[in-house]
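Asks: With the sequence up front, the predicted model follows.
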Amino acid sequence: MNTEETSRFVRLRVELVLEIEDPGELTKAALRRLADDTDLPADERAHAEGAVTEDTAEALASLIDPFDLVSEVPGVDLAQASWSSEPIDYDPDSPDWDLDEDDVDEDDEDEGAGAVS
């Protein structure tokens with residue numbers, strides 16, 4: 001595929017596992033962010049405040065903004081973003097959590113291409 005046939009859109013997948021060391025601080029930060037959002041309607045604010053108070057994963061998701069990840073990257077414009085968070089059982093010593101496991105597609109293996117970490 002030459003440059004003229006290449007799509008201008010790229011899907012970037014990022015998976016992070018974060019340890020919540022202080023759920024109270026996380027919740028406070030999420031509530032502060034909601035309080036600072038003057039454009040948020042009162043009914044949506046009340047719903048969001050309940051969600052971030054009850055669930056640290058919701059609090060985290062409310063503080064993460066994909067635009068912040070790419071806003072300073074030259075030559076790109078965020079076309080669409082979605083993200084979610086959920087509590088998980090994590091064991092860093094388990095082979096189920098091998099970070100390199102999904103880095104190479106079967107097609108790449110056939111062509112001899114490797115993953116770049």
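Replies: Received the coordinates, thanks. Residues are numbered from 1 along each chain as shown.
Asks: SS state for the residue nearest to the spatial centre of the chain?
Replies: Residue closest to the average C-alpha location in the chain (C-alpha atoms, centre = their mean): Trp83, at 5.0 Å. Recorded secondary structure, Trp83: coil (DSSP: H, G, I helix; E, B strand; the rest coil).
Asks: Please apply the same query to Val52.
Replies: Assignment for Val52 (three-state DSSP): helix.
Asks: pretty sure it is touching Thr27, no?
Replies: Yes - contact criterion C-beta atoms under 8 Å: Val52 and Thr27 qualify, at 6.0 Å. (Each C-beta comes from the backbone N, C-alpha and C, glycine too.)
Asks: Which neighbours do those two have in common?
Replies: Common neighbours of Val52 and Thr27, using C-beta atoms under 8 Å, 6 or more residues apart in numbering, are Ala59.
Asks: of those two, who's got more company?
Replies: More neighbours surround Val52 than the other of Val52 and Thr27, with 24 against 21 (other C-beta atoms under 10 Å).
Asks: For Leu26, see how far away Asp98 is.
Replies: From Asp98 over to Leu26 the distance is 28 Å, taken as C-beta to C-beta, to the nearest Å.
Asks: for the chain, what spans make up the helices?
Replies: 23-36, 42-54, 56-63, 66-70, 106-111 (DSSP state H).
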